[in-house]
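A.B. asks: predicted structure and sequence below. I'll ask about it afterward.
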Amino acid sequence: MVARLLKSYPGIVAGMKDSGGDWKHTQAMIEEFGPQGFDVFAGSENFLLADLRAGGPGCITATANVNPTAIVQLYKTWKQADADDQQKKLDATRAAFAQFPLIPAMKAAIAWKTDRQDWVHVRPPLVDLGAEQQQTLRASLDQVGFTMPKAAALA
């Protein structure tokens with residue numbers, strides 16, 4: 001499909017986000033289409049460092065909404081000696097969120113970190129995290145040293 005699109009629409013089709021969760025597939029897409037100027041973004045920060053090292057442009061990830069500082073830090077410093085350690089910290093933070101449905105977990109983290117409980121609510125068909133789930137999430141995020149930047153717009 002990508003090959004056909006690139007052939008049919010040269011200079012128009014510029015890239016894609018691969019959210020399949022299969023690094024080997026993402027890597028194959030980068031290797032095949034990257035040399036043609038086609039960007040393949042990983043769909044999660046779990047593959048950020050691998051994507052960059054393979055010649056990809058980075059990632060497009062939902063958790064950038066709550067963990068932008070650490071993700072951007074790795075993006076900017078991925079060639080430094082501590083890049084693997086940074087990736088491990090990103091992985092641990094993502095794993096804390098991944099214990100639960102992602103959107104309710106991110107909203108619960110925002111509610112916690114901003115002390116704005118109205119942020120915990122989600123719209124159907126999603127379901128708010130219960131009090132016990134929120135406590136488990138907070139404990140997991142505390143364990144990995146999660147911080148969230150202050151956002152004046154949330155106050």
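C.D. replies: Right, received. Where do you want to start?

A.B. asks: wait, what's in contact with the most centrally placed residue in the chain?
C.D. replies: Nearest to the centroid of the C-alpha atoms of the chain, with distances taken as Cα atoms, centre = their mean, sits residue 61, at 3.0 Å. For residue 61, the set of contacting residues under the criterion of Cβ atoms under 8 Å, 6 or more residues apart in numbering consists of 42, 43, 44, 45, 48, 71. To be clear about C-beta, it is placed using only N, CA and C from the backbone, and glycine gets the same treatment.

A.B. asks: now do residue 29
C.D. replies: Under the contact definition (Cβ under 8 Å, 6+ apart), the residues listed for residue 29 are 2, 16, 18, 40.

A.B. asks: the second one touches residue 41, doesn't it?
C.D. replies: Yes: with contacts defined as Cβ atoms under 8 Å, residue 16 counts as touching residue 41 at a distance of 7.0 Å.

A.B. asks: which one's more surrounded, those two?
C.D. replies: More crowded of residue 16 and residue 41, by other Cβ atoms under 10 Å: residue 41, with 22 against 18.

A.B. asks: can I see the domain layout of this structure?
C.D. replies: Per automatic domain parsing, the domain ranges recorded for the chain read 1-83, 99-145.

A.B. asks: returning to that earlier point: in ChimeraX, select just the buried ones from the contacts of residue 29.
C.D. replies: Isolation of the buried members of the contacts of residue 29 (16 or more other Cβ atoms under 10 Å) is achieved in ChimeraX through the command below:
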select :16,18,40
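
A.B. asks: tell me which two of the contacts of residue 29 sit farthest apart.
C.D. replies: Within these, 2 and 18 form the most distant pair, 10.3 Å apart (Cβ to Cβ).
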